[in-house]
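# Next come a sequence and a model predicted from it.
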Amino acid sequence: MVMEGQKQFIALGSRLQEIPEVLTLGVKPNFLDYTPAQREMIYAADVILFPTLGYAQFFNTSGKTIFPSLETHLYADEKIMQTTLFYLQKIVHPRTRFYYPLHHNDILKDFTFPFVGKIPRRSAQGRGVFLIRDEGDMKKYLSLTKIAYIQEYLPHEKDLRVILLNYDPVLAYWRIREAEEFRANVFQGGRISFDDVPLDGIALAREAALKCRFDDVGMDLIRHKNNWYVIEANMKYGRKGLKMKGLDIKQLILAKLFSGEIPAADSFRGYC
């Protein structure tokens, strides 16, 4: 229940639906499906929370402040777009190339086995990631996708997940892979560890998030031969690590809303 005089926030998406301080209006296919009163709330709101990609673009064009950022929406689950952005922003990233069907024969000109193949879109939780050891593996992988997303394989025992909220690292932990599994994702059997989390890895994750304007994200990094690499950004990051630390992402967001940290300050502009 919202107390008299207490600020109430407006959201479209359901992420904060159970939070009484947030009025979730839902995502209507047509803007005029919102009642006149609801439209007035949207016009008057200082920030619109979780607007979804479609509305995020409209609100951004209209000058309306949103959270998460437009970039967080645009690059969600878009591996090709993320890789191109990382290169443009000079973020250290494994050597990666994309191949459309006419150029699949060029893969072995550019890479030697083993290498990694990924499904470029909608392949969360490690399910669309494959270690390609030979031509048989490559044939199976190419049967699953028209666009081949090929990345050099950097052997590692674990990767680092850094969860950032409004560019603030709220949690970081190792994901340690099983001996027989090359992926460290928790959904693929990876084990979470909070031991000896390196500050330089957290700092790199924050720098990358700022450069890309990802303000609600789980950044994944690996360290190979003493060098850090940003692998990808996950906007639908898991909650297991948060729960293990007794953290509730909804309450973390709410606290930042009431403190004024959300919407974000222009702290990222120095990275553009």
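That came in fine, so what should we check first? Numbering: from 1, shown residues only.
# Near G241, how many other residues are there?
Counted with other CB atoms under 10 Å, residues neighbouring G241 total 21. From N, CA and C alone the C-beta is placed, and that goes for glycine too.
# tell me what the helix or strand that contains it is packed against?
Using DSSP states H and E, G241 sits within helix 240-244. Under the contact criterion of 3 or more CB pairs under 8 Å, 6 or more residues apart in numbering; DSSP states H and E, helix 240-244 touches strand 158-165, strand 168-176, strand 191-193.
# who wins for proximity to C212 among those?
With distances scored as CB to CB, the stretch of these nearest to C212 is strand 158-165 (10.7 Å).
# which parts of the top helix by length along the chain are buried?
The residue-count maximum for a helix in the chain (DSSP state H) belongs to helix 199-212. Of all the residues in helix 199-212, those buried under the rule 16 or more other CB atoms under 10 Å are G201, I202, L204, A205, R206, E207, A208, A209, L210, K211, C212.
# Next SSE downstream of that helix?
Helix 199-212 is succeeded, C-terminally, by strand 216-224 (DSSP H and E).
# What pLDDT does the model give Y271?
The confidence metric pLDDT takes the value 48 at Y271.
# can you pull out the strands in this protein?
For the chain, strands defined by DSSP state E occupy the ranges 9-11, 22-24, 48-49, 66-67, 96-99, 115-118, 129-132, 148-152, 158-165, 168-176, 191-193, 216-224, 227-234.
# got the ones you listed as CSV, with mean pLDDT and mean neighbour count columns?
Shown next, in CSV, are those (pLDDT from 0 to 100; neighbours: other CB atoms under 10 Å):
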stretch, mean pLDDT, mean neighbour count
strand 9-11, 97, 21
strand 22-24, 97, 18
strand 48-49, 98, 22
strand 66-67, 97, 24
strand 96-99, 98, 18
strand 115-118, 97, 22
strand 129-132, 94, 20
strand 148-152, 98, 21
strand 158-165, 96, 23
strand 168-176, 96, 19
strand 191-193, 93, 14
strand 216-224, 97, 22
strand 227-234, 97, 20
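# Where does pLDDT dip in the stretch 1-150 of the chain?
Where the stretch 1-150 of the chain drops to pLDDT under 70, the residues are 1-6, 122-126.
# before we move on, the earlier item: now tabulate the buried residues of helix 199-212 in TSV and tack on pLDDT and distance to Y43.
Listed next are the buried residues of helix 199-212 as TSV, based on pLDDT from 0 to 100; distance: CB to CB, whole Å:
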residue	pLDDT	distance to Y43
G201	98	42
I202	98	39
L204	98	40
A205	98	36
R206	98	34
E207	98	36
A208	98	34
A209	98	30
L210	98	30
K211	98	32
C212	98	29
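# which of these lies closest to A56?
C212 (15.3 Å).
# residues contacting the closest one?
Counting by CB atoms under 8 Å, 6 or more residues apart in numbering, C212 touches E71, Y75, Q82, L85, F86, Q89, I91, A233.
# Top of those residues by number of neighbours, please.
Neighbour tally across those (other CB under 10 Å): the maximum, 26 neighbours, falls on A233.
# List the contacts of it.
Contacts of A233 (CB under 8 Å, 6+ apart): Y75, Q82, A208, A209, C212, F214, V217, G218, M219, D220.
# Tell me the spacing between it and G190.
Distance from A233 to G190, counting by CB to CB, to the nearest Å: 18 Å.
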